[in-house]
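Novice: generate coordinates for the sequence data below:
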Amino acid sequence: MGGILPGAEISPFVEAWLPRVVAELNGRPGHRRALDLAMGEGRHAIPLVEAGFVTYGVDVAVGRLLNARRMLHGRRLDVLQWAANLDTYPLPVERFDLLFCTRFLLRARWDDLKRSVRPGGFVMYETFTTGQIARGFGPSSPDHLLHPGELAGAFGDWTVLHSEEVEAPAAMARLVARKPGA
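Specialist: Got it, this is the predicted structure:
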């Protein structure tokens, strides 16, 4: 996908799995809503909006949200954005058809994140694991790195469509799962 910020490529995981999630959601009544958690400068908001989601983006960094807004408006794409500290900000319950997160970890709020998804909705999550420390770049604090099996375990009561942990080119865990229910 072209036209995004330099150095802000769409994750291959997102390119592969977003169309599958959309196909699974087709036929559900009403608008599909996606929450882009810690959206940064909006690199993944583009495919979410283009896939037909009413997209909500939240991030603590106002400057990143403003950069995202400029980029998205330049492409004539609308995203509902707000700035909030996700460590404490209350998330709406059963509001989103897709909880979407890349390169951010909010393990203390797994239950709140899961509650924000409607029954039958999805999570797409991709972030760094403890293996990233050996890479010498990216996050190095254990507070920001998943332990082996942690992401899959956090959503173990959902139907897991895809779960993997890789070591290269970065140490990442990736998950696509569907919430039980209608």
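Novice: burial count for residue 76?
Specialist: The local packing of residue 76 (other C-beta atoms under 10 Å) involves 7 other residues. Backbone N, C-alpha and C define where each C-beta goes, glycine included.
Novice: meant to ask about residue 139
Specialist: Residues within reach of residue 139, counting by other C-beta under 10 Å, total 16.
Novice: any idea how far it is from residue 129?
Specialist: Using C-beta to C-beta, to the nearest Å, residue 139 is found at 10 Å from residue 129.
Novice: cool, and residue 102?
Specialist: With distances defined as C-beta to C-beta, the gap from residue 102 to residue 129 amounts to 13 Å.
Novice: show me the shaky parts of this protein.
Specialist: Low-confidence regions of the chain, defined by pLDDT under 70, span residues 1-8, 29.
Novice: would you map the helices across it?
Specialist: Using DSSP state H, the helices of the chain run over residues 12-25, 45-50, 62-74, 110-115, 150-154.
Novice: which of those sits most buried?
Specialist: Comparing the helices of the chain by mean neighbour count (mean count of other C-beta atoms under 10 Å), helix 45-50 comes out on top with a mean of 22.
Novice: what helices or strands is it leaning on?
Specialist: helix 12-25, strand 32-37, strand 53-59, helix 62-74 (3 or more C-beta pairs under 8 Å, 6 or more residues apart in numbering; DSSP states H and E).
Novice: the first one: how far from the chain's middle?
Specialist: For helix 12-25, the distance from its own C-alpha centre to the chain's C-alpha centre is 12 Å (C-alpha atoms, centre = their mean, to the nearest Å).
Novice: who are the packing partners of that helix?
Specialist: By contact count (3+ C-beta pairs under 8 Å, 6+ apart), the secondary structure elements abutting helix 12-25 are helix 45-50, strand 96-102, strand 117-128, strand 159-166, strand 172-178.
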